[in-house]
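Student: Based on what follows, work out the 3D shape:
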Amino acid sequence: MSADRVYVVDRIEHRQAVLVDDQGATFTVSTKDLPRGVNEGAVLLVKLEAGGNPRWDTARVDQAETARRHAEATDRLERLKKRDPGGDIAL
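Tutor: This next block holds a predicted model:
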């Protein structure tokens with residue numbers, strides 16, 4: 001197996017997780033094949049087979065990277081809120 005690949009849990013719907021890799025490709029995976037209790041926004045490290053296919057049974061949550069990305073997104077949202085003049089949108 002080759003190095004780990006990074007995937008982010010975009011959303012969970014009906015026991016299916018939609019994962020996005022850092023290149024923007026999406027994958028739908030059964031939540032039973034992922035670490036127990038995985039949540040939306042979690043960053044997963046997954047080993048790849050020799051052919052490049054993800055081995056979902058090797059997935060593990062990268063807590064530090066999940067926290068870093070969450071903090072980055074929160075900071076970005078706060079900056080955007082400061083630029084919003086508020087009020088209604090006129091069409």
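Student: Give me the buried stretch members for stretch 55-63, please.
Tutor: Buried residues in stretch 55-63, counted by 16 or more other CB atoms under 10 Å: 56, 59, 61, 62. All C-beta spots, glycine's among them, are computed from the backbone N, C-alpha and C.
Student: first vs last residue of it, how far apart are they?
Tutor: Between the opening and closing residues of stretch 55-63 there is a gap of 19 Å (CA to CA, to the nearest Å).
Student: helix, strand or coil for residue 8?
Tutor: Residue 8 carries the three-state label strand when classified by DSSP: H, G, I helix; E, B strand; the rest coil.
Student: Widest-spaced pair of the buried residues of stretch 55-63?
Tutor: The widest separation within these, taken as CB to CB, falls between 56 and 62 and amounts to 15.2 Å.
Student: rewinding a little: redo the buried residues of stretch 55-63 as a markdown table? Include distance to residue 36, secondary structure and pLDDT.
Tutor: Putting the buried residues of stretch 55-63 into a markdown table (distance: CB to CB, whole Å; DSSP: H, G, I helix; E, B strand; the rest coil; pLDDT from 0 to 100) gives the following:
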| residue | distance to residue 36 | secondary structure | pLDDT |
| --- | --- | --- | --- |
| 56 | 13 | helix | 93 |
| 59 | 11 | coil | 95 |
| 61 | 10 | strand | 96 |
| 62 | 16 | coil | 95 |
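Student: between the residues you listed, which is nearest residue 7?
Tutor: Lowest distance from residue 7 to those (CB to CB) belongs to residue 59, with 7.6 Å.
Student: Hmm, residue 36 and the closest one touching each other?
Tutor: No. In this structure, residue 59 is not within contact of residue 36 by CB atoms under 8 Å, at 10.9 Å.
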